[in-house]
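K.L.:
Give me a 3D structure for the following:
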Amino acid sequence: NSSSSSEDCVSSLCTKRGAALLKAAWEYRQLVCSDDLPQETIGKSNIPLCSVGFKYLFHSCRIPKLHCDSYKLYNPNVYTHAVVACQNQFFKVPMIDEETGNEFSLESLEKALSDCQKLATSPQNSNTTTLELGYLTTSNRNDCAEARNKLLE
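P.N.:
Predicted coordinates:
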């Protein structure tokens, strides 16, 4: 079936791109967490820019509350995984091999993403109802806060 072959090719390309993006984001995260990220500057006189906000790029969570959000920062030494969304389902993808302490290779990340995709699209999941929690974050702050409160009840 040429349609299936074409879909497999697109899926494989998306998985490769996703793995490359994860790997690059992880490398950038390592620079941020180790304070090895070079100071950004502006202008001919190289005025340094404030980089305090970078700590919120990784290992942080926005908590919606009425009229004003809060946030929580998590220890980057404890959390060494990425969260991947596929078909309204969320998957934990390890970035570090717990046994060796080494980063997973690009090929290993491609396989992990392929496994996530297979799980998300498997026939066993076609009859299950998924909570579309990811869509809450695109809502108005107060709507999202109210929905979060209801979920926590």
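
K.L.:
and the lengthiest helix in the chain, which residues are buried?
P.N.:
Ordering each helix of the chain by length in residues (DSSP state H) puts helix 2-33 first. Buried positions in helix 2-33, judged by neighbour count with 16 or more other CB atoms under 10 Å: 15, 16, 18, 19, 22, 23, 26, 29, 32, 33. (Glycine included, C-beta is placed from N, CA and C.)

K.L.:
Report the central residue of this protein.
P.N.:
By CA atoms, centre = their mean, the chain has its centre lying nearest to residue 83, at 4.4 Å.

K.L.:
The closest residue to it other than its chain neighbours: how many residues sit nearby?
P.N.:
Of all residues beyond its chain neighbours, the one nearest residue 83 is residue 90 (5.7 Å), with distances taken as CB to CB, 6 or more residues apart in numbering. In terms of burial, residue 90 registers 14 neighbours under the definition other CB atoms under 10 Å.

K.L.:
In what element of secondary structure is residue 90 found?
P.N.:
Using DSSP states H and E, residue 90 sits in strand 89-94.

K.L.:
what are the bridge partners for residue 85, then?
P.N.:
Residue 85 has these beta-bridge partners by DSSP bridges: residue 90.

K.L.:
if I look at residue 17, how far off is residue 112?
P.N.:
The gap separating residue 17 from residue 112 is 14 Å, by CB to CB, to the nearest Å.

K.L.:
Now do the longest helix of the chain: which elements does it pack against?
P.N.:
On a contact count with 3 or more CB pairs under 8 Å, 6 or more residues apart in numbering; DSSP states H and E, helix 2-33 meets strand 81-86, helix 106-121.

K.L.:
after the worst-scoring helix or strand of the chain on mean pLDDT comes which helix or strand?
P.N.:
Of all helical and strand segments in the chain, the minimum by mean pLDDT, DSSP states H and E falls on helix 2-33, at a mean of 83. Of the helices and strands lying after helix 2-33 in sequence (DSSP H and E), the nearest is strand 41-42.

K.L.:
average pLDDT across the helix or strand that comes right after that next one?
P.N.:
Sequence-wise, the next helix or strand beyond strand 41-42 is strand 47-48, with elements assigned using DSSP H and E. Throughout strand 47-48, pLDDT has a mean value of 92.
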